[in-house]
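Asker: can't give you the sequence, but here's the structure:
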């Protein structure tokens, strides 16, 4: 893989991660770095699903990647929310 391919994969992963985060309702309690990591993973996994190649922009592959990123962001948000223990206020 050349440098241009790596840079484009990172940019596409960042865009997919941010779009995946935008489609989720409410606020997510994960940082931008985790969003980018999830987006890059979703972009790689979505491109491996074997959607047939088309001319121009492959909208179906983008949709798969965004859905995977949304699921990944939601899962990571839920996993990290369980690790944050908030003290209970007893009356």
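Answerer: Received the coordinates, thanks. The shown structure was predicted, so the numbers you read here are calculated from the model rather than taken from an experiment. Residues are numbered from 1 along each chain as shown.
Asker: contacting residues for residue 73?
Answerer: 17, 20, 21, 24, 28, 30, 34, 35, 38 (CB atoms under 8 Å, 6 or more residues apart in numbering). Every C-beta, even on glycine, is put in place using the N, C-alpha and C of the backbone.
Asker: what packs against the helix or strand hosting the third one?
Answerer: Using DSSP states H and E, residue 21 maps to helix 3-22. Helix 3-22 sits against helix 32-47, helix 59-83, with contacts defined as 3 or more CB pairs under 8 Å, 6 or more residues apart in numbering; DSSP states H and E.
Asker: ok now that helix, how far from the chain's centre?
Answerer: Chain-centre distance of helix 3-22: 9 Å, with CA atoms, centre = their mean, to the nearest Å.
Asker: where does the protein have low pLDDT?
Answerer: Residues of the chain that meet the criterion pLDDT under 70 lie in 1-2, 5, 50-54, 82-91.
Asker: can you do 90?
Answerer: The model of the chain has pLDDT under 90 over residues 1-70, 73-74, 76-91.
Asker: surely residue 29 is in contact with residue 77?
Answerer: Yes - using CB atoms under 8 Å, residue 29 is in contact with residue 77, at 5.8 Å.
Asker: which of those two has more neighbours?
Answerer: residue 77 (19 against 12; other CB atoms under 10 Å).
Asker: quick one, what contacts the nearest residue to the more buried one once chain neighbours are set aside?
Answerer: The shortest distance from residue 77 to any non-neighbouring residue, by CB to CB, 6 or more residues apart in numbering, is to residue 28 (4.6 Å). By CB under 8 Å, 6+ apart, the residues touching residue 28 are 21, 35, 73, 74, 77.
Asker: again with residue 20
Answerer: Contacts for residue 20 (CB under 8 Å, 6+ apart) come out as 35, 38-39, 42, 65-73.
Asker: one more: residue 33?
Answerer: No contacts exist for residue 33 under CB under 8 Å, 6+ apart.
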